[in-house]
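Enquirer: Got a predicted model here, sequence first, then my questions.
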Amino acid sequence: ATAAATATTAGGSKKNSVVRTTNKTSFTTLHDVLSDLEQMVLYPTMFLHERRITTTSTATTIIPTTPKLDFGTKLHGRREEISQLMDIVDDISSRRVTGPLEIVSLSGYSGSGKSYLIRRVGRYLANKRGWMFVQGKFDRLRQSYDAFSVVTSAFDRFCGQIEEMRGDATNSNGNDNNSSSDNKNNNNNGGDDNAEYCSRVSTAVLEALGRTGVDYLTQIMPSLRRVVNDVDYNSSGDQSGDDSTSAATGGGGNSLGGHLHPTQTADEALMYQRRCEYLLCAFVEAILGVGRPLLLFYDDMQWADASTLEFLRKLLKHLADRNKARKNIMFVEAFRDNIEVKENDNDDPAYNAMTSSMESYDSVNISKIKLGGFSKS
């Protein structure tokens, strides 16, 4: 807690003379703690808001402005877990030829800090180690109709990052005196490296998907179009197939998670779903083959439906069978393991086998981390 300044009424009289006005940032007695707790109850705006303090010869006036709670940025009590994660990161970063697909299964009670831990590591890797970091979050209210879109939204964000990196690389090269923050764009390798990486991603994606595949996948990943817009479409091999795309989609609209579009038959919806899955696997393989490692994080996996979990297993198995792709990815799933979750529909073999079904693969390494309470050390 920070020491509060003396509060006054509009007329200038002191409201409470107990409020400490020193610049001390720590407590020395229990009385100091109780004093500040009392002030938090009586005058919460002094602690929870940014303050503009004006002082005259007769009074000090506190003017609350924008509400703000600042708990700091230090991560407490997770040194062992961070060390485990960074050991995996170092192994992936040091690979020259190949290595296993790294899967991290992170469990813990709600509120134990699973999401914050991975996001903290992800931002560090993106800003300091040249990794790409994307994430998706499942939702209990969306699990019955929109869960598959959580999977694709993570890669749509990847495409958005590529566009931002390309734009910043162009601006950096155009004005050497204007060095923009690379942290904003999930990479600090410099403008030239970013421009080259973006170009290679564009080319690799178009070669893997073809023109028709790109058109098809942009229905669920709109930002993909901007990734390949600087590549000559005529250089890709897949020039025909617009008719098949139209037929597969039933003449218009998309269908995710097996839900039927009004103009689709059940067979057309299934065909559309399967082709989206196939193209997404090809897309992920293509971006991993370019070279930069990727941290792919899906949060609240306990809310994913059975069909989405089945696709994620397909994706991981697809990557595990490809040397160039599996060596450049760290897949992290986070899920709650408290009583609330065990009572829902995902306490079934479909969810429990999400990572266990991969354990028999020689090319897969699974690390299980459970976040408990904070240690006293």
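Expert: Happy to help now that I have it. Numbering: from 1, shown residues only.
Enquirer: What is the burial count for residue 206?
Expert: Counted with other Cβ atoms under 10 Å, residues neighbouring residue 206 total 22. No exception for glycine: its C-beta is placed from N, CA and C like everyone else's.
Enquirer: Checking my notes, it in a helix, right?
Expert: Yes: according to DSSP: H, G, I helix; E, B strand; the rest coil, the state of residue 206 is that of a helix.
Enquirer: From residue 196, how far off is it?
Expert: For residue 206, the distance to residue 196 (Cβ to Cβ, to the nearest Å) stands at 16 Å.
Enquirer: Give me the below-cutoff pLDDT ranges for the stretch 151-300 of the chain.
Expert: Scanning the stretch 151-300 of the chain for pLDDT under 70 picks out 172-191, 230-262.
Enquirer: now the strands: where do they sit in it?
Expert: Applying DSSP state E, counting those that start in this stretch to the stretch 151-300 of the chain gives strands spanning 294-299.
Enquirer: can you pull out the helices in it?
Expert: For the stretch 151-300 of the chain, the helices defined by DSSP state H, counting those that start in this stretch occupy 191-217, 224-227, 242-248, 266-290.
Enquirer: Now do the first one against helix 266-290, angle only.
Expert: What that stands for is helix 191-217. If you take axes from the mean of the first three to the mean of the last three Cα atoms, to 10 degrees, helix 191-217 sits at 170 degrees to helix 266-290.
Enquirer: Which elements pack onto helix 191-217?
Expert: With contacts taken as 3 or more Cβ pairs under 8 Å, 6 or more residues apart in numbering; DSSP states H and E, helix 191-217 sits against helix 147-174, helix 224-227, helix 242-248, helix 266-290.
Enquirer: now these in CSV, with mean neighbour count?
Expert: Listed next are these as CSV, based on neighbours: other Cβ atoms under 10 Å:
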stretch, mean neighbour count
helix 147-174, 19
helix 224-227, 20
helix 242-248, 13
helix 266-290, 19
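Enquirer: Out of the ones you listed, the one nearest residue 322 is which?
Expert: Proximity to residue 322, assessed across these by Cβ to Cβ, is greatest for helix 266-290 (5.9 Å).
Enquirer: Just put the helices of the stretch 151-300 of the chain in TSV and tack on distance to residue 110.
Expert: Putting the helices of the stretch 151-300 of the chain into TSV (distance: least, Cβ to Cβ, whole Å) gives the following:
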stretch	distance to residue 110
helix 191-217	34
helix 224-227	34
helix 242-248	40
helix 266-290	29
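Enquirer: I'd guessed residue 138 sits against residue 300; true?
Expert: Yes: with contact defined as Cβ atoms under 8 Å, residue 138 reaches residue 300; the gap is 4.6 Å.
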